[in-house]
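Undergrad: I'd like to go over a predicted model; first the sequence, then the structure.
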Amino acid sequence: MIITEDIKKFITIALRDSQLSGELPRVSFVDIRVEKPRNIEHGDFSTNIPLILARVMNMSPMEIAEKIHKKLDNGIFFSKIEVVNPGFINFTLSNEWLQSSVEEIINSGEKYGDIENLSPKNIQIEFVSVNPTGPLHVGHARGAVLGSTLANILEANGHNVHREYYVNDAGNQMRLFFESLYFRYIQEAGVEIDEPDELYAGGYLISLAKTLYNRFSNIPLGMSKDDAIDYLSPFVLEFILSDIKKTLSKLGVKYDEWFSEKTLLETGYFDSVIKLLDDHQLITQKDGAIWFLGTKLGAGEDTVLVRSGDGGPTYFGTDISYHHQKFVKRKFDQVIDIWGADHHAHISRMKYAMEGLGIDTNRLKIILNQIVHFKSGEETLKFSKRKGVISTIDDLISEVGVDSCRYIFLSRSSESQMDFDLSLAKKQSSENPVFYIQYAHARLCAIQRSAISKGLRANGDVSLLNHKSEINLIRKIIELPSVVAYSGEQLEPHHIAYYAFDLARLLQKFYEECRVISVEKGSSELTASRLKLVEASRITFAKTLLIMGMNAPENM
RNA sequence: GCCCCUGUAGCUCAGCUGGAUAGAGCGAAGGACUUCUAAUCCUUAGGUCACAGGUUCGAAUCCUGUCAGGGGUGCCA
């Protein structure tokens, strides 16, 4: 259950009651908002609905607030509901209700934080989708962490989530890559040939060529360049993809599907979408190329779908058919793409294309993650293998660890450019919030271990949990479903990261002020109750960390 | 030129679907371990929310303009 939703319902009913009884005028529907006041003296939740209604009802906010207040019932939830100037209604949760929720959380177990969704959507989320031309670079880590966490959040929101990696195994970049690789292969065989115009740089290519040569030896040398590439490419793709999969799996990123761009071309799907666009009169031939007439729909410019030179499709071309396929063939209700900031220009083009195909563009959400600057203390890092500076995700993980890495990416909103301080990430100390959160979980586990060894059980009466830091901890614990819901609505994973940190702070406070396992006489009942709070807290930490794709260590 | 993102404490960032006294971590200064994990806790200091207008009962939040930083603006992906 989500407490804020319940409060909204109470207010809605009270408002309707006062309107039916004629105490308040009937006005058109307004969106009731319940928020957490900054100041704890203002209660646990508040609504500003009287202030909003004041204008349309032409009454003073305080008067409206009083009328609504009269119809509100404290019930089991609240110890206090009060009207405050200039027109807020503040709700304070009752200790009884807070206490009882501890048991509810324990009963929910690992399902706590999952939201029962009455209208779940089929959501496809596509992220990373880097060209399979080598190992993943640190620049791609942010999208990977963001995407995988967002997928977890949506799943917790009760949606059916399909995680997908679009393998760009066709197209110009791949051709250039294969030509460079072929060149290195020939070099490896000791034959002199001309360098391709655009040579993919990096030692990776050379070592890959070596691996290939060890396997295929001189066989490809007897073929034409194109035949040799055709011969080698399946092996190369598989080799690189398995590398990428390994890296992502290490980073805690799993996919349901690896979708090949090439299949769009081979199955004729691409051609059929071009035809569809043509049917909508959104296609033209110009300068030997095929163009999408975005300008007809209001776009700033038209875009090429099929190149004039080799007649091959552009990235945008295949991507349109890929997206058409997501919406029309596979019928996803919602599609989420996570792209790097360099894809910015692609967004409006894609939306126009979807619009042109008659697809509601609200079904397509594109999240752009901004650039990451890596630095070490004061020093900004330019990635360079030669200088021994980290450049691949594998390096990053082995240097700072998966959990630290994930948390740092998650604790920034995706739309802001961020600094990733490697020296801070590596520190296993209080400077690093990652360990602060995990430590809280480990501490709870330590308490439970100690309880077990002493034969103590979590079977106390929760009404004994009246200490201020106990109540405050419970308040935070019950927020989890609201946070999951909000993150899911906004498609913003960072709220979870901040929640985890706040939770840890309140847990530490509780730990400091409320000794759980007490040897004092007459305190066994309290110990048994506090052990319940410990379990409820542990469940909450574990869930939060699970959503973020981080470990919940029992020992540190 | 045009489009997008960002500008909040010394640093890194939350808060931005308008609400009550603007928050956190780090860093700085000081303090707390006969205790279930001190990877912890408690104090204190630190702000013209880039700037200027506007809308509003009310603006860090919305609108307009300016400035600064970054990104994009391929028949690359």
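TA: Structure's in. What do you need?

Undergrad: make it CA atoms for all contacts and neighbour counts henceforth
TA: Fine.

Undergrad: Confirm for me that A:L473 is in contact with A:A504.
TA: No: between A:L473 and A:A504 there is no contact under CA atoms under 8 Å: 9.2 Å.

Undergrad: Could you point out which residue ranges in the stretch 401-550 of chain A have low pLDDT?
TA: Within the stretch 401-550 of chain A, the stretches with pLDDT under 70 are A:428-431, A:519.

Undergrad: ranges for the strands of it?
TA: A:418-421 (DSSP state E, counting those that start in this stretch).

Undergrad: Could I get the full set of helices for it?
TA: A:402-410, A:422-426, A:433-453, A:468-477, A:480-490, A:494-513, A:524-547 (DSSP state H, counting those that start in this stretch).

Undergrad: The residue in the stretch 1-150 of chain A that RNA strand B sits nearest to: neighbouring residues, count only.
TA: Nearest residue of the stretch 1-150 of chain A to RNA strand B (CA to the nearest atom of the strand) works out as A:L51 at 4.1 Å. Neighbours of A:L51 under the rule other CA atoms under 10 Å: 20.

Undergrad: what kind of secondary structure is it in?
TA: Three-state call for A:L51 (DSSP: H, G, I helix; E, B strand; the rest coil): helix.

Undergrad: Contact residues of the stretch 101-250 of chain A facing RNA strand B?
TA: Contacts of the stretch 101-250 of chain A with RNA strand B, taken as CA under 7 Å from any atom of the strand, map to A:130-131, A:168, A:171-173.

Undergrad: hmm, 6 Å instead?
TA: Residues of the stretch 101-250 of chain A lying near RNA strand B by CA under 6 Å from any atom of the strand: A:131, A:168, A:171-173.

Undergrad: Make a PyMOL selection of the buried ones in these.
TA: Buried members of those can be picked out in PyMOL with the line below, counting by 16 or more other CA atoms under 10 Å:
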select buried, chain A and resi 131+168+171+173
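
Undergrad: Mind putting the residues of the stretch 101-250 of chain A next to RNA strand B into JSON lines with secondary structure, distance to A:E479 and pLDDT?
TA: Output for these, formatted as JSON lines (DSSP: H, G, I helix; E, B strand; the rest coil; distance: CA to CA, whole Å; pLDDT from 0 to 100):
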{"residue": "A:N131", "secondary structure": "coil", "distance to A:E479": "40", "pLDDT": "88"}
{"residue": "A:N168", "secondary structure": "coil", "distance to A:E479": "41", "pLDDT": "91"}
{"residue": "A:G171", "secondary structure": "coil", "distance to A:E479": "47", "pLDDT": "80"}
{"residue": "A:N172", "secondary structure": "helix", "distance to A:E479": "49", "pLDDT": "79"}
{"residue": "A:Q173", "secondary structure": "helix", "distance to A:E479": "47", "pLDDT": "82"}
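
Undergrad: residue closest to the middle of chain A?
TA: A:L150 (2.2 Å; CA atoms, centre = their mean).

Undergrad: want to try a markdown table for the helices of the stretch 401-550 of chain A, with mean neighbour count as columns?
TA: Converted to a markdown table, these look like this (neighbours: other CA atoms under 10 Å):
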| stretch | mean neighbour count |
| --- | --- |
| helix A:402-410 | 22 |
| helix A:422-426 | 18 |
| helix A:433-453 | 19 |
| helix A:468-477 | 20 |
| helix A:480-490 | 19 |
| helix A:494-513 | 20 |
| helix A:524-547 | 23 |
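
Undergrad: Turn those into a markdown table, including distance to RNA strand B.
TA: Listed next are the helices of the stretch 401-550 of chain A as a markdown table, based on distance: least, CA to the nearest atom of the strand, whole Å:
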| stretch | distance to RNA strand B |
| --- | --- |
| helix A:402-410 | 9 |
| helix A:422-426 | 8 |
| helix A:433-453 | 3 |
| helix A:468-477 | 10 |
| helix A:480-490 | 7 |
| helix A:494-513 | 4 |
| helix A:524-547 | 8 |
